[in-house]
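>>> Pasted the sequence and its predicted model underneath.
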Amino acid sequence: MIRFDRVVKRFGANVVLDELDFAVRPGERVTLIGPSGSGKTTILRLLMTLERVDGGTIHVGGECLTHVRRGERLVPADEKHLREVRKRIGMVFQQFNLFPNMRVLRNVTEAPVHVLGLPVQEARQRARELLEVVGLADKLDAYPAQLSGGQQQRVAIARALAMRPDVLLLDEITSALDPELAAEVLDVLRDVARTSDITMLCVTHAMKFARDVSHRVLMFDRGRILEDKPPQELFERPEHERTRRFLRSVL
Ligand code: ADP
């Protein structure tokens, strides 16, 4: 569902990803962990096409995200291609980024109606179902500012799922929340994980969540994958001293 082939990303002289390879199978839930600055967010931003690669290719759902074919040649993807691929990718950010002037229901129906062209009634029906899944069936008419941070984040999850993406990207989605609200959001995601076969790629410092929900955890250090293992194994038998040191600092 996701494939990075020899992906290079630089910021000036800083080589953040140096020929990075990894793949995520359909339905797999993969968590990226590692020290700050190791390139985890850059990977999500590349998938969201908020950044462009300096080398290599990225595929999502079998389709090339980074390049399009022009005759015999592969050329960097244009904005039209990126818009199409982006529809298949849902993202939830640390700062919920809801539309402040729209009620909860409208926040969830807006993109399905205006980007996918879904009929309004159908979009509303689906939004109601999703808001029920995230435990907010009684908040359809609230504005974001009337909700707690945890509730806003749950709306953001429903909004991302409303696009029926192939892939859900989660970037530190609980780090702006108090522990209790963070737990609420993680419970909702556990439910989503249990009841859907959506492919998830998460960056998180919430190790319990990584352990409970992921099939694989990738430990990053300076843009490289140091370990790639099922969570149980990584947490109980880390291979590298760097991983042990990192785990000690977050557990
Ligand atoms: P992580 O998510 O693991 O903390 P990031 O992907 O945010 O790491 O950052 C990896 C490296 O890329 C860091 O050295 C960071 O300073 C650099 N970086 C990230 N985004 C930018 C940017 N927009 N401009 C310049 N450098 C950046």
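Yep, it's here. Residues are numbered from 1 along each chain as shown.
>>> which residues sit in contact with the closest residue to Ala156 other than its chain neighbours?
Excluding the flanking residues, the one nearest Ala156 by CB to CB, 6 or more residues apart in numbering is Phe96, at 4.5 Å. (Each C-beta comes from the backbone N, C-alpha and C, glycine too.) Residues in contact with Phe96 (CB atoms under 8 Å, 6 or more residues apart in numbering) are 144, 149, 152-153, 155-156.
>>> Buried residues of stretch 37-50, list them for me.
For stretch 37-50, a neighbour-count test (16 or more other CB atoms under 10 Å) marks 38-49 as buried.
>>> quick one: the residue nearest to Ala156 from Arg73, how far?
Distance of Phe96 to Arg73, computed by CB to CB, to the nearest Å: 41 Å.
>>> again with Leu218
Distance from Leu218 to Arg73, counting by CB to CB: 32 Å.
>>> who has more neighbours, those two?
Neighbour count, other CB atoms under 10 Å: between Leu218 and Arg73, Leu218 has more, with 21 against 8.
>>> in what helix or strand does the more buried one lie?
Using DSSP states H and E, Leu218 falls within strand 216-221.
>>> who touches that strand?
Residues outside strand 216-221 that contact it (CB under 8 Å, 6+ apart) are 22, 28-35, 38-40, 210, 225-231, 234-235, 238, 240, 242-243, 246.
>>> if we go to 7 Å?
Residues outside strand 216-221 that contact it (CB atoms under 7 Å, 6 or more residues apart in numbering) are 22, 28, 30-35, 38-40, 210, 225-231, 234, 242-243.
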